[in-house]
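**Q** any chance you could fold what I've pasted below:
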Amino acid sequence: MVVAATSEGAGRSDTGRKRTQNEDGFYVDDQLGLYVVSDGMGGHAAGEVASATAIEAVKEVVADARQAIEKIRSGELETEALSRLAGQAVQVANQRVNELATSDRGKAGMGCTVTLVLVAGEVAALGHVGDSRLYLRRGGKIDKLSTDHTILGELVRSGVMTPDEATDDHPMAHILSRAVGTQPHVEVETLLFELVGGDQLVLCSDGLSDYLESTEPLAEALAADGLLTGARLETAAEALVAFANDAGGHDNITVVTVQIAADETAPNRASLLSQRYQALSSVFLFQGLDMSRASQVMEACSLLEHEDGDRVVGEGAPINDLYVVVEGRYRLERGDDEVGELAPGDFVGMTTLLHGRAALSTVVAEGPGRVLRLTGADLRNLARRRPFLGIGILDRLGRRLSADLERSYGQRSGADGAAVSASERF
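**A** Predicted coordinates for the structure are as follows:
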């Protein structure tokens, strides 16, 4: 059985105004739900061969997994398999390009970026290496979901430089920290994220993104009454290529625009996703994260649903989890006494992420509710897979625990202290 496509895409590529050869490439396959942009490394041998080789490898890997993709769409297979497939496709592309570069002296040193999206029903997976980009537009808001793998980007993520210092004219702005094909193995950035009917995606090479001082040009090109389909998708891609050329066209320009099909559940799903992100951002550990980082944390969390009277965790039970209320209300009980209440955005279990212990209170649902759960193991895995994000979260947690210790000491010494929060009674 072939499941109907849930997305439609269109792509355009242009040499630009300064180059004589186009080393970019793209691929669109609505039936597979596969969309790819690849930028051959400028100034290196056979960049156009690298991008074409990488795209061909990605196509083969994903096409061979067609049945698995259909099972993910129908719910027969876990969605995490889509993320693994995206990473595998880019890794195979890296191997193919590297083998070609090392076997042919004329192609030595060639490489490329690869940014791909796999759409399977209500989820999508990003597979990404380099500085091409993926943007998501939802409800009029546009967020960048990919990370620029440049030396400058790594300096910012590591805290050596501030975002304000990382200007486009910085000498490290366009030096890739990783690329497809330059080494036998490459670290592939993957991200599994949920989709809502009506979402729009834009994949592009840096020939466009270098001119995006804001997302306004993307918004203008994607603006339409209703969905972008057929010729309107192509027009949107053409408009973004024209914008980059008008802005200077200093490099090859490649754009793929994707429209996610609408469905009747879209408003409710969009509302729930918004509630989840708002609840997550209310926890000090995750405040200020951009959409990409927040999606990475969300990927590590599970969503638990409860009915009235359901017990989330019982007093005295082992606990090594953070619980964040997304929807509904929950009460905290200790023995026969009610000691607090949790509303959307409230959380308990923060201190147990580092070291499990027995729960001090019972958490019970008061009516239907939803809770995000992040386990200590999930946090450790997140830190291993995404070190900069994990270090930032652990640093915030350490600072909070230190502050709590200082306040506790002050209270025991007779100093005035703030009221004890619900999370501290858990």
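**Q** which parts of stretch 396-403 are buried?
**A** Applying a neighbour-count criterion of 16 or more other C-beta atoms under 10 Å, one finds 396-397 buried in stretch 396-403. In short, each C-beta sits where N, CA and C put it, glycine included.
**Q** what mean pLDDT does that stretch get?
**A** For stretch 396-403, mean pLDDT is 84.
**Q** show me how far that stretch is from its chain's centre.
**A** Centroid separation for stretch 396-403 versus its chain: 26 Å, with C-alpha atoms, centre = their mean, to the nearest Å.
**Q** kindly report the same for stretch 119-126.
**A** Centre-to-centre, stretch 119-126 and its host chain are 12 Å apart (C-alpha atoms, centre = their mean).
**Q** list the contacts of that stretch.
**A** Residues outside stretch 119-126 that contact it (C-beta atoms under 8 Å, 6 or more residues apart in numbering): 3, 6-7, 33-35, 69, 72-75, 79, 82-83, 85-86, 115-118, 134, 145-146, 189-196, 201, 258, 260, 269.
**Q** drop the exposed ones from these and show what's left.
**A** Buried, going by 16+ other C-beta under 10 Å: 6-7, 33-35, 69, 72-73, 79, 82-83, 85-86, 115-118, 134, 145-146, 189-196, 201, 258, 260, out of the contacts of stretch 119-126.
**Q** contacts for the helix or strand harbouring residue 53, please.
**A** Following DSSP states H and E, one finds residue 53 within helix 47-64. Helix 47-64 is contacted by residues 21-27, 29, 32, 34, 36, 38-41, 44, 69, 85, 88-90, 92-97, 100-101, 107, 110-112, 114, 116, 118, 127, 180-181 when judged by C-beta under 8 Å, 6+ apart.
**Q** over to stretch 210-223?
**A** Here stretch 210-223 makes contact (C-beta under 8 Å, 6+ apart) with 135, 137, 140, 142, 168, 200, 202, 228, 236-237, 239-240, 243-244, 247-248, 250-251, 257.
**Q** from those, which land in strands?
**A** 135, 137, 142, 200, 202, 257 (DSSP state E).
**Q** distance of the first one from residue 115?
**A** Distance check for residue 135 against residue 115: by C-beta to C-beta, to the nearest Å, it reads 11 Å.
**Q** what is in contact with these two at once?
**A** Jointly contacting residue 135 and residue 115 under the rule C-beta under 8 Å, 6+ apart are residue 203.
**Q** all strands of the stretch 151-300 of the chain, in order?
**A** Using DSSP state E, counting those that start in this stretch, the strands of the stretch 151-300 of the chain run over residues 189-194, 200-204, 253-260.
**Q** packing partners for the first one?
**A** Strand 189-194 makes packing contacts with helix 80-103, strand 123-129, helix 291-300 when contacts are defined by 3 or more C-beta pairs under 8 Å, 6 or more residues apart in numbering; DSSP states H and E.
**Q** looking at these, which one is packed in the most?
**A** Of the helices and strands packed on strand 189-194, the one with the most neighbours on average (mean count of other C-beta atoms under 10 Å) is strand 123-129, at a mean of 26.
**Q** what mean pLDDT does that strand have?
**A** Throughout strand 123-129, pLDDT has a mean value of 97.
**Q** then stretch 345-356?
**A** Stretch 345-356 shows a mean pLDDT of 90.
**Q** may I see the buried residues of that stretch?
**A** 346-353.
**Q** in this protein, where is pLDDT below threshold?
**A** 1-5, 42-45, 158-163, 165-173, 225-226, 408-426 (pLDDT under 70).
**Q** for it, longest helix please?
**A** Longest helix in the chain, counting residues (DSSP state H): helix 387-412.
**Q** against which helices or strands is that one packed?
**A** If you count contacts as 3+ C-beta pairs under 8 Å, 6+ apart, helix 387-412 packs onto helix 291-300, helix 376-385.
**Q** off-centre distance for that helix?
**A** On the basis of C-alpha atoms, centre = their mean, helix 387-412 sits 26 Å off its chain's mean C-alpha point.
**Q** repeat that for stretch 70-83.
**A** The answer for stretch 70-83 is 18 Å, by C-alpha atoms, centre = their mean.
**Q** contacts made by it with the rest, please.
**A** 1-3, 6, 33, 68-69, 118, 120-121, 123-125, 190-192, 299.
**Q** okay, how far is it across that stretch, tip to tip?
**A** Stretch 70-83 has an end-to-end distance of 14 Å (C-alpha to C-alpha, to the nearest Å).
**Q** also stretch 303-323?
**A** 10 Å.
**Q** swap in stretch 366-381?
**A** Chord length of stretch 366-381, first to last residue, is 32 Å (C-alpha to C-alpha).
**Q** how about stretch 332-347: buried residues?
**A** For stretch 332-347, burial by neighbour count (16+ other C-beta under 10 Å) applies to 332-333, 339-340, 342, 344, 346-347.
**Q** secondary structure and distance to residue 393 added to the residues you listed, as CSV?
**A** Listed next are the buried residues of stretch 332-347 as CSV, based on DSSP: H, G, I helix; E, B strand; the rest coil; distance: C-beta to C-beta, whole Å:
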residue, secondary structure, distance to residue 393
332, strand, 25
333, strand, 29
339, strand, 28
340, strand, 25
342, strand, 21
344, coil, 21
346, coil, 19
347, strand, 14
